[in-house]
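# structure here, sequence nowhere to be found:
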């Protein structure tokens, strides 16, 4: 990259405008973290475009013109406070940076020709060429994104340049503009860029179809409803340019987009440019060091769009020059609520997580009871990575033509099933509106053939349309422990009958010969054995349990059913004490026999409790508030076998094992006594008799 201190640029006016500025006019789409924005991003971008130019093969005269265009095309994003006040005083639309930059360029041209100060002077021919190129700067890319009409490039055809020279200028200029953003982006759309330039230079400014423009404005939508396309065609495309549209609205669904745009129409006045940049800027914040949509703010907006009953939020449209700037405004109360949630999530504590949930439920801001708000994306990514190690062994047991993945989460298993069995009908299910929405976007963006439906196996069987009705394989991958942990019954959560009900409904969904495949947590010692060991301990007798250590192939013993953990750092003990307070699972064990030696950083408890703790501790503080609410091991492998056989299934496989990632992550943090990690997971395959 060119050095900011390069003296060949340092004295240039355009460079000074971009270097000496406190204005942070950055497209949030292009940054990894909001907190990383320094204000120098625009200058860095311009220098990158100039580097691309220097490497190009254009003629010297072509490169000289393009160089000047690139140097001045972004200046309206810079300037000191005084510079910007002067520009605004002249009526330059700084939010429409290509037009404002073109006007600023003409100012500079005039300033070096003192003999010609009249405001209505016609610029010299080359100045007019550069002015027009700056004014239309970036519009080829905006056309391909659906933001602006092709006719906006018509001034290019009027430039007093020989056609081949103009073509070379536009080819090189747009290559610099786009490659300055992303090399991959340029390689993807290069042919489209060249094709559009050629069409414009032949005088063909026919507009792209409305369907094309809407699909490019909203590439993440799984489907574009006809009513949305009609709205764009009839109400927006004939008159308005739509700047920063995808950056601001890509996370909203089709109905929400239509609601926002409909509300805008009566408030646009005489403007013909709608800029969504203020909304794009305000919707994002940093979560775990990376840019993330502020879901607390978005849920409030969604509530407003559903019923307009939220008095503390409103659509905000400000007019500045030729542009209407779109955002949502919030009352002071709402702003404080959002600020509280953002700060509280950083703690990872369950008490704050519950406070956020209570507040958002009080106002009706959550989508449903399964809405995780702040870290849904991380949760789905975690589900994907968690399944990575054993997903292939799960898929090996698939049978039949209709395959159902229960609790599809991030979709990794759906992808694998589709890849391995392209001829089969693959269906994902989930109970969360959030997950369904994310999966539908993924399906549309990546071109998958699997489908996804909302279904809860606790409520009933899953039947498909058609003569057969039944399915052939149902996969529960890391999902039954969530059914067990979160399903509310009159007797509370953590009820084993809920698991049996879900499996009964799954079994009833199967065609004869169909299979249930389970990959989930496993319990070490049954509740009956845990009680027996606790009673024996009171009498001074130590009984043992027989968990298997698959790495050693030997039978190991937890004396009295106890496991002792020594932490290597005091933070681990703090984590444990919070866990003891917050964990509500293992309700069938009255005495968990927990002891704490704070001096030695040593704790002890029944092996099932300690296993639950250890495999929560693995995920760290950030995931704590969710993981502490789940009981990962609810059946021993033998109890699982008994449940499946009660359903009438034939158990083909029942195996408990230790995921290697758990000890790998925990050994730097803890020492176990005995030094044997309890089995963490199991795989079971049960078949319905033909």
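On my side now, so go ahead. Being a predicted model, the structure only gives us computed values, none of them experimental.
# quick one, longest helix in this structure?
What stands out as the longest helix in the chain, according to DSSP state H, is helix 183-201.
# pLDDT below threshold where in the stretch 201-350 of the chain?
Low-confidence regions of the stretch 201-350 of the chain, defined here as pLDDT under 70, cover residues 309-310, 347-350.
# one more pass at 90, please.
Applying pLDDT under 90 to the predicted model, the residue ranges of the stretch 201-350 of the chain that meet it are 220-223, 250-251, 266, 269-271, 284-313, 320-323, 331-350.
# can you give me the strands in it?
Counting by DSSP state E, counting those that start in this stretch, residue ranges of the strands within the stretch 201-350 of the chain are 241-243, 273-275, 284-287, 290-293, 313-320, 323-330.
# can you say which of those strands is nearest to residue 342?
Put simply, out of these the one that sits nearest residue 342 is strand 284-287, at 6.4 Å, with distance taken as C-beta to C-beta. (C-beta placed from N, C-alpha, C; glycine too.)
# which elements pack onto the longest helix of the chain?
The contact analysis (3 or more C-beta pairs under 8 Å, 6 or more residues apart in numbering; DSSP states H and E) places helix 183-201 against helix 139-144, helix 163-179.
# out of those helices, nearest to residue 355?
Short answer: helix 139-144, nearest of these by C-beta to C-beta, at 43.5 Å.
# that closest one packs against which elements?
The contact analysis (3+ C-beta pairs under 8 Å, 6+ apart) places helix 139-144 against helix 163-179, helix 183-201.
# rerun at 6 Å
With contacts defined as 3 or more C-beta pairs under 6 Å, 6 or more residues apart in numbering; DSSP states H and E, the packing partners of helix 139-144 are helix 183-201.
# and the helix it packs on, what's buried?
By neighbour count with 16 or more other C-beta atoms under 10 Å, helix 183-201 contains the buried residues 186, 189, 193-194, 196-197, 200-201.
# measure residue 240 to residue 251 for me?
Residue 240 is 21 Å from residue 251, where distance means C-beta to C-beta, to the nearest Å.
# who has more neighbours, these two?
Neighbours around residue 240 and residue 251, counted as other C-beta atoms under 10 Å, are more numerous at residue 240. The numbers are 21 against 16.
# show me where the stretch 251-400 of the chain has helices.
Counting by DSSP state H, counting those that start in this stretch, the stretch 251-400 of the chain forms helices over residues 254-265, 277-282, 295-307, 332-345, 350-362, 376-387, 391-395, given from the N-terminal end onward.
# nearest to residue 472, of the buried residues of helix 183-201?
Distance to residue 472, by C-beta to C-beta, is smallest for residue 189 among those, at 42.5 Å.
# circling back to that earlier point, need the helices and strands packed on helix 183-201 in CSV (columns: mean neighbour count).
Putting the helices and strands packed on helix 183-201 into CSV (neighbours: other C-beta atoms under 10 Å) gives the following:
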stretch, mean neighbour count
helix 139-144, 22
helix 163-179, 21
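# of the ones you listed, which is nearest residue 23?
Of all those, helix 163-179 comes closest under C-beta to C-beta, at 20.4 Å.
# how far does that closest one sit from the chain's center?
With C-alpha atoms, centre = their mean, to the nearest Å as the basis, helix 163-179 stands 35 Å off its chain's centre.
# repeat that for stretch 644-658.
Taking the mean of its C-alpha atoms, stretch 644-658 sits 36 Å from the chain's own mean (C-alpha atoms, centre = their mean).
# tell me which residues of it are tucked away?
When neighbours are counted by 16+ other C-beta under 10 Å, the buried residues of stretch 644-658 are found to be 644, 649, 651, 654, 656-658.
# thinking again about what came up before, now render the strands of the stretch 201-350 of the chain as a markdown table, adding distance to residue 427 and mean neighbour count.
Formatted as a markdown table, those follow (distance: least, C-beta to C-beta, whole Å; neighbours: other C-beta atoms under 10 Å):
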| stretch | distance to residue 427 | mean neighbour count |
| --- | --- | --- |
| strand 241-243 | 36 | 23 |
| strand 273-275 | 40 | 22 |
| strand 284-287 | 32 | 18 |
| strand 290-293 | 28 | 16 |
| strand 313-320 | 37 | 16 |
| strand 323-330 | 37 | 21 |
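# need the ones you listed in TSV (columns: distance to residue 561).
Formatted as TSV, these follow (distance: least, C-beta to C-beta, whole Å):
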stretch	distance to residue 561
strand 241-243	65
strand 273-275	65
strand 284-287	40
strand 290-293	43
strand 313-320	54
strand 323-330	54
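# what's the closest of those to residue 450?
With C-beta to C-beta as the measure, strand 290-293 is the member of those nearest residue 450 (25.3 Å).
# what residues does the closest one touch?
The set of residues external to strand 290-293 that reach it, using C-beta atoms under 6 Å, 6 or more residues apart in numbering, is 33-34, 251, 283-284.
# how far off centre is it?
Between the mean C-alpha position of strand 290-293 and that of its chain there is a distance of 8 Å (C-alpha atoms, centre = their mean).
# and what of stretch 531-544?
Counting by C-alpha atoms, centre = their mean, stretch 531-544 comes out at 50 Å from the chain centroid.
# which other residues reach it?
By C-beta under 6 Å, 6+ apart, stretch 531-544 touches 557, 559-561, 591.
# least confident pick among the residues you listed?
Of all the contacts of stretch 531-544, the model is least confident about residue 557, whose pLDDT is 71.
# got the helices and strands packed on helix 183-201 as CSV, with distance to residue 687 columns?
As requested, these are exported to CSV (distance: least, C-beta to C-beta, whole Å):
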stretch, distance to residue 687
helix 139-144, 53
helix 163-179, 55
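# looking at the ones you listed, which is nearest to residue 513?
Taking the helices and strands packed on helix 183-201 one by one with C-beta to C-beta, helix 139-144 is closest: 51.4 Å.
# so where's the stretch 401-550 of the chain uncertain?
Within the stretch 401-550 of the chain, the set of residues satisfying pLDDT under 90 comprises 409-412, 431-447, 463-469, 526-550.
# would you map the helices across it?
In order along the chain, the stretch 401-550 of the chain carries the following helices (DSSP H, counting those that start in this stretch): 412-420, 433-446, 480-486, 496-509, 527-538.
# returning to what we had before: and which of the buried residues of helix 183-201 is nearest residue 453?
Ranking these by separation from residue 453, with C-beta to C-beta as the measure, puts residue 189 on top at 35.0 Å.
# state the distance from the closest one to residue 55.
For residue 189, the distance to residue 55 under the criterion C-beta to C-beta works out to 19 Å.
# ditto for residue 534
Shown here: residue 534 relative to residue 55, a distance of 74 Å by C-beta to C-beta.
# who has more neighbours, these two?
More neighbours sit around residue 534 than around the other of residue 534 and residue 55, counting by other C-beta under 10 Å; the figures are 19 against 10.
# which residues touch stretch 236-247?
For stretch 236-247, the external contacting residues (C-beta under 6 Å, 6+ apart) are 28-29, 147-148, 217, 272-277, 280.
# if we go to 7 Å?
Outside stretch 236-247, the residues that touch it by C-beta atoms under 7 Å, 6 or more residues apart in numbering are 27-29, 145, 147-149, 210, 213, 217, 261, 272-277, 280.
# can you tell me the element the residue lying closest to residue 79 once chain neighbours are set aside falls in?
Using C-beta to C-beta, 6 or more residues apart in numbering and skipping the chain neighbours, the partner closest in space to residue 79 is residue 17 (5.0 Å). Taking DSSP states H and E as the definition, residue 17 sits inside helix 13-19.
# so which elements touch that helix?
Taking 3 or more C-beta pairs under 7 Å, 6 or more residues apart in numbering; DSSP states H and E as contact, the helices and strands that helix 13-19 lies on are helix 41-55.
# in the helix it packs on, which residues are buried?
Neighbour-count burial for helix 41-55, with 16+ other C-beta under 10 Å as criterion, is recorded at 41-43, 45-50, 52-53.
# quick one, that helix and helix 163-179 angle?
Note on geometry: by axes from the mean of the first three to the mean of the last three C-alpha atoms, to 10 degrees, helix 41-55 and helix 163-179 are set 130 degrees apart in direction.
# appreciated, that's everything.
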